[in-house]
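Student: give the three-dimensional model of this entry:
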Amino acid sequence: MSEKSPALNSARAALDDAMELLASMRFAIALLTVICIASVIGTVVQQAQPMTNYVNQFGPFWAELFGKVGLYTVYGAWWFLLMLGFLVVSTSLCIARHTPKILRDLKSFKESMREQAIQSFRHKSLGYLHMNPEAALGQVSAWLSAEGWKARAQVRNGGVMIGARKGAGHKIGYLAAHSAIVLICLGGLFDGDLVSRLVMWAQGKQIYQGADLNEMTDVNRIGPSNPSFRANLFVPEGSRSASALLTMPTGVVVQQLPFEVELKKFNVEYYSTGMPKLFASDIVIHDRDGTSTTATVKVNEPFTYQGLTLYQSSFEDGGSKLKLKLRPLQGAQDSDLDGRVGATTSLKGDGGEIYGLEFSGLRVINVENFGKPEGATDVRKVDLVGRLEQHLGSGAKGPGDKSLRNVGPSFSYKLRDASGQAREYNNYMLPVELDGRRVILLGVRDTPADSFRYLRVPVDDKDSIDGWLAMRRALADPAQRLRAAKHYAQGATPSDRPQMQAQLEATALRTLTLFAGAEGLKADAPAKDAAVGGLPALSQFIEREVPEAERARVSEVLLRILNGSLFELHKLAQEQLGRPAPAPSEQTQAFMTQAVLSLSDSMFYPAPALLQLDDFQQVQASVFQVTRAPGRMLVYLGAVLLIVGVFAMLYIKDRRLWLWLEAAPGRTEQTRVRMALSSNRETPDLPAEFDALKQRLLHEEA
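Tutor: Numbers count the residues shown, from 1 in each chain. You can find the predicted model right below:
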């Protein structure tokens with residue numbers, strides 16, 4: 001035993017040091033600081049987003065590193081929960097260590113204070129009462145009781161010491177504030193996913209990390225007896241569901257509910273800006289015993305049933321039916337296509353490649369800002385994205401006057417190639433008037449982090465893009481380009497110089513071929529000079545073939561030939577549609593100006609065909625947050641205690657008053673009173689309070 005005693009004493013000393021550290025104020029403050037910093041990170045960095053969003057925002061290296069340390073699910077990260085646990089232990093030890101002292105102090109009036117000791121206080125005084133000590137004691141005690149002071153007297157030889165106290169609730173505030181921290185942290189631990197993880201571990205459940213939720217099995221499902229969870233329930237109109245999704249840091253788990261939720265009707269109202277003003281769900285809850293309960297769930301008005309609370313979280317498309325027209329950019333004919341939001345199909349390209357077509361959304365209302373921007377407009381600037389953002393920017397951030405207008409429905413979809421890479425498209429159903437011209441907007445973006453880039457396709461007097469599309473298809477047809485070049489040469493050749501017709505025809509055909517991106521690349525040409533079509537192809541040709549001194553003149557000639565040839569192509573396309581040839585006019589000129597720009601941009605449109613929305617049948621869905629939160633009452637109680645504790649510690653002063661009463665020497669029927677006041681906080685109003693006490697208690701000061 002003598003050999004083990006030093007080791008045992010050392011272990012006890014280490015344990016005591018650890019307990020002292022855990023119960024210390026500096027350790028609790030350090031934990032609170034780190035928790036606050038982590039909470040700021042959890043607020044700044046959007047939580048539980050797709051990994052691709054973080055890769056686009058931070059880059060591959062930092063995105064992976066941040067993911068490993070749990071910054072994308074801060075409040076469920078192991079280190080965050082561990083810190084909460086240590087904070088609970090630290091604060092609990094602190095409360096346990098100080099509570100006995102505080103309780104003893106609450107019962108103590110310190111009436112045993114020596115007379116000489118009270119003379120050392122800052123606020124002290126000496127005075128006389130014109131009555132004998134017995135009467136003085138009764139009068140002082142009555143006054144203290146009337147003013148809310150709790151007092152206790154100690155009779156001694158030669159006098160009486162009165163110890164009085166006021167504001168003892170300050171100490172209670174200390175206990176309330178610290179207890180609030182413990183309760184709030186415990187509530188957070190109980191209502192987080194810690195309990196669900198323990199249930200999964202106990203039942204042998206696993207997190208599902210796949211993309212197709214239909215492949216989930218029983219091993220990915222938690223029963224309705226889970227004591228604490230916070231899951232999302234997706235219910236389309238006319239459907240019912242009892243399976244909510246519980247989001248975990250690495251995947252999802254299905255949380256089974258003890259009842260089914262049926263969505264009868266989803267109601268939504270909008271502001272003039274297009275933002276939702278009110279959305280509510282009319283639901284029917286079908287219990288397992290066959291009973292049904294109707295309710296309406298609104299934002300900030302949840303519904304509680306069998307201990308589970310349903311919150312209106314958001315709304316989404318529930319599988320709207322789409323009637324589409326598939327319009328290839330090459331010579332193929334249009335075809336009808338039926339789709340449904342959330343469904344997938346396939347699309348065949350011009351070269352035989354197969355694309356996956358995924359319908360991702362339908363927006364019935366699109367309110368955009370058409371206010372005139374401040375400053376003059378540079379008509380020479382051809383910036384599709386910049387100019388379009390002036391019209392389709394957020395109404396909250398757009399410069400100048402605001403003119404909000406609903407531009408009608410739009411739908412979005414994705415085209416996924418064989419390698420799995422996808423582009424997202426967003427097409428409007430109705431024409432939009434931009435810069436005085438009516439156009440159909442066809443948007444595309446490469447990643448979800450990018451903004452949509454819009455192709456503006458001009459419409460005819462019937463609000464149709466048939467004329468533009470016929471011209472686009474004719475441009476891709478070598479025979480049609482040749483006919484257009486011949487017609488242009490015949491009309492542009494001077495009557496006195498017929499020998500120029502062949503040269504004009506060849507130049508027009510070469511210009512149309514370059515514009516259509518149909519001219520092959522020379523064997524010795526670098527890859528960067530590949531002909532992609534549109535105005536950039538003409539620019540590349542001029543820079544490659546024309547001396548710098550002649551480029552301005554040649555550019556002007558080629559643009560004039562291009563416009564004339566495209567107008568002839570437009571007339572041929574109208575003839576194929578069975579329409580009369582367009583006559584030169586201001587309206588035709590405006591159409592051709594926009595058509596040339598649109599045709600040029602269409603050479604870079606990364607899809608073999610356009611999808612136009614003809615009709616739709618909207619089906620909406622509600623997203624409910626379903627919670628079972630046993631720690632909620634702990635958090636509410638902790639919040640109340642925190643408010644009480646903070647106010648008690650800030651606004652209640654713990655004051656102690658001592659009065660020594662003794663017979664005045666040499667004065668009959670008089671009592672000498674020595675008084676002192678102390679407080680836990682020296683405030684500017686404390687001297688005034690002591691002066692008021694002197695005036696009330698002491699009639700004469702020495």
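
Student: tell me the buried residues in stretch 132-144?
Tutor: 133, 136-137, 140-141, 144 (16 or more other C-beta atoms under 10 Å). All C-beta spots, glycine's among them, are computed from the backbone N, C-alpha and C.

Student: closest to V88 among the residues you listed?
Tutor: Among those, L144 lies closest to V88 (C-beta to C-beta), at 41.5 Å.

Student: next up, identify which helix or strand that closest one is on.
Tutor: helix 133-146 (DSSP states H and E).

Student: helices or strands up against the longest helix along the chain?
Tutor: When the chain is parsed with DSSP state H, its longest helix is helix 78-107. Here helix 78-107 touches helix 5-22, helix 25-44, helix 169-191, going by 3 or more C-beta pairs under 8 Å, 6 or more residues apart in numbering; DSSP states H and E.

Student: now the top strand by length along the chain: average pLDDT?
Tutor: The single longest strand within the chain, with elements called by DSSP state E, is strand 251-270. Averaged over strand 251-270, pLDDT sits at 90.

Student: mind listing what's buried in that strand?
Tutor: By neighbour count on 16+ other C-beta under 10 Å, the buried set for strand 251-270 is 252-255, 257, 259-263, 266.

Student: those into a markdown table, with extra columns for distance to A449?
Tutor: Output for those, formatted as a markdown table (distance: C-beta to C-beta, whole Å):
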| residue | distance to A449 |
| --- | --- |
| V252 | 23 |
| V253 | 28 |
| V254 | 30 |
| Q255 | 31 |
| L257 | 35 |
| F259 | 40 |
| E260 | 38 |
| V261 | 34 |
| E262 | 37 |
| L263 | 32 |
| F266 | 30 |
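
Student: nearest to A552, out of the residues you listed: which one, please.
Tutor: F266 (60.6 Å).

Student: wait, isn't that closest one in contact with A621?
Tutor: Yes: counting by C-beta atoms under 8 Å, F266 touches A621, with 7.2 Å between them.

Student: okay, and the common contacts of these two?
Tutor: 237, 315 (C-beta atoms under 8 Å, 6 or more residues apart in numbering).

Student: what average pLDDT does the particular helix or strand that has V557 in it get?
Tutor: According to DSSP H and E, V557 maps onto helix 551-576. On average, the pLDDT along helix 551-576 is 91.

Student: circling back to that earlier point, can you point out the buried residues in the longest helix of the chain?
Tutor: 80-81, 83-84, 86-95, 98.

Student: now the very next helix or strand once past that helix: how far from the chain's centre is it?
Tutor: Per DSSP H and E, the first helix or strand lying C-terminal to helix 78-107 is helix 115-118. Centroid separation for helix 115-118 versus its chain: 64 Å, with C-alpha atoms, centre = their mean, to the nearest Å.

Student: could you list every helix and strand in contact with helix 115-118?
Tutor: strand 655-663, strand 671-679.

Student: could these be laid out in a markdown table, adding distance to M216, mean pLDDT and mean neighbour count?
Tutor: As requested, the helices and strands packed on helix 115-118 are exported to a markdown table (distance: least, C-beta to C-beta, whole Å; pLDDT from 0 to 100; neighbours: other C-beta atoms under 10 Å):
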| stretch | distance to M216 | mean pLDDT | mean neighbour count |
| --- | --- | --- | --- |
| strand 655-663 | 65 | 91 | 21 |
| strand 671-679 | 65 | 91 | 22 |
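
Student: just send these back as TSV, with distance to A692 too.
Tutor: Shown next, in TSV, are these (distance: least, C-beta to C-beta, whole Å):
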stretch	distance to A692
strand 655-663	12
strand 671-679	11
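
Student: surely V644 and Y174 touch.
Tutor: No: V644 lies out of contact with Y174 (C-beta under 8 Å); the separation is 11.1 Å.

Student: which ones are touching the nearest residue to D317 once chain neighbours are set aside?
Tutor: Nearest non-adjacent residue to D317, counting by C-beta to C-beta, 6 or more residues apart in numbering: V341, 4.5 Å away. V341 is in contact with 317-320, 322, 359-362, 411, 619, counting by C-beta under 8 Å, 6+ apart.

Student: make it 7 Å
Tutor: 317, 319-320, 322, 359-362 (C-beta atoms under 7 Å, 6 or more residues apart in numbering).

Student: out of these, who's nearest Q49?
Tutor: S360 (16.5 Å).

Student: give me the element the closest one is part of.
Tutor: Going by DSSP H and E, S360 is part of strand 354-363.

Student: any figure for the gap between M429 and Q612?
Tutor: From M429 across to Q612, the span is 8 Å (C-beta to C-beta, to the nearest Å).

Student: one step back: so which bits of the strand holding S360 are buried?
Tutor: 355, 357-360, 362-363.

Student: which among the residues you listed gets closest to S10?
Tutor: S360 (65.5 Å).

Student: pretty sure that closest one is in contact with L415, am I right?
Tutor: No: with contact defined as C-beta atoms under 7 Å, S360 does not count as touching L415 (10.9 Å).

Student: and the average pLDDT for the helix holding L144 is what?
Tutor: Helix 133-146 carries an average pLDDT of 90.

Student: what sits against T91?
Tutor: 28, 178, 181-182.

Student: point to the helix or strand of the protein where mean pLDDT is at its lowest.
Tutor: helix 384-392 (a mean of 39; mean pLDDT, DSSP states H and E).

Student: after that one, which helix or strand is next?
Tutor: Immediately after helix 384-392, counting by DSSP H and E, sits strand 404-406.

Student: and that next one, what does it pack against?
Tutor: strand 367-369 (3 or more C-beta pairs under 7 Å, 6 or more residues apart in numbering; DSSP states H and E).

Student: buried residues in whatever helix or strand comes next after the helix holding V557?
Tutor: Downstream of helix 551-576, the first helix or strand assigned by DSSP H and E is helix 586-602. Across helix 586-602, burial judged by 16+ other C-beta under 10 Å covers 591-592, 594-602.

Student: next, the buried residues of the next helix or strand after helix 586-602.
Tutor: Per DSSP H and E, the first helix or strand lying C-terminal to helix 586-602 is strand 609-617. Using 16+ other C-beta under 10 Å as the test for burial, strand 609-617 gives 609-613, 616.

Student: same question, stretch 538-545
Tutor: Buried residues in stretch 538-545 (16+ other C-beta under 10 Å): 538, 540-542.

Student: now do that stretch: distance to the chain's middle.
Tutor: Using C-alpha atoms, centre = their mean, the mean C-alpha position of stretch 538-545 is found 47 Å from that of the whole chain.
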